[in-house]
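Trainee: here's a sequence, model it:
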Amino acid sequence: MHVVWTGERVRLRPVASAAEYTETDNQLMELPNDYWGPHWRPLDERQQEYEGTGVIDPGWYSIYAIERLDTGELIGLEEHGPIRPGRLRTWLGTHLLGPHQRQGFGIEAKQLMLCALFENYPLELVYAITTSNHRPSRRGLERSGFYLEGRKRGMWIADGLRVDEVFYAITREQWEQLPIRKLVKRGAALSAASTGASDG
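Mentor: The predicted structure follows:
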């Protein structure tokens, strides 16, 4: 199984160290988020996560670094949910640092993660959840190939108002039509700045 997927602008690779993971996660949690609110977890909990599995554990959940190809910077984290025997679906989530948002990096990261999931596991569907008022997130999902599947009414509070939780999904058949499948490089070498393994 490959653990590195490279597109035209970004690469997904294993997180190189506990320090890289916690530092990036800290930066992401410090960003103000008008849609999801604060999200804090103890530092020692995140260090233990990395030390146990390198935060790649298909039976629990997995997290990959998103690396820009032009600068070699780590610009965020891409994650997916558990892969369980007999279960045909899982979820993904994309978290980008502020200066790198709304430039298309997250779209490619999602599509690379879809390639990793559909090529390595017998999944039929990958889904993502956001809030109905989170227009940048919804646009990013739609541009990545996801389709709106449904909603749960009034699940979140934003600016004193209840907002819906919305579900997006993409099937294996829909993913097979995406151009990224022909562009992605699987198991490509890491940049000099990276220290994780290049191939599984």
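Trainee: buried residues in the longest helix anywhere in the chain?
Mentor: In the chain, taking DSSP state H as the definition, the longest helix is helix 105-120. Residues of helix 105-120 classed as buried by neighbour count (16 or more other CB atoms under 10 Å): 105-118. C-beta coordinates here come from the backbone N, C-alpha and C atoms, glycine included.
Trainee: same thing with stretch 4-20?
Mentor: 4-7, 10-16, 18, 20.
Trainee: quick one: which of those residues is nearest Asn133?
Mentor: Taking CB to CB as the measure, Asn133 lies nearest Val10 of the buried residues of stretch 4-20, at 26.8 Å.
Trainee: let me know the pLDDT of the closest one.
Mentor: pLDDT for Val10: 97.
Trainee: which secondary element of this protein has the worst mean pLDDT?
Mentor: In the chain, no helix or strand scores lower on mean pLDDT, DSSP states H and E than helix 43-53, which sits at a mean of 75.
Trainee: in this structure, which spans are helices?
Mentor: So, for the chain - with DSSP H - the helices run 18-30, 43-53, 105-120, 135-144, 172-175, 180-183.
Trainee: count of residues packed around the residue lying closest to Arg153 once chain neighbours are set aside?
Mentor: With sequence-adjacent residues excluded and distances taken as CB to CB, 6 or more residues apart in numbering, Arg153 is closest to Asp164, at 5.4 Å. Asp164: 16 surrounding residues under other CB atoms under 10 Å.
Trainee: I'd say Asp164 and Met155 touch.
Mentor: Yes - the criterion here is CB atoms under 8 Å, and Asp164 meets it with Met155 at 6.3 Å.
Trainee: okay, and the common contacts of those two?
Mentor: Thr131 (CB atoms under 8 Å, 6 or more residues apart in numbering).
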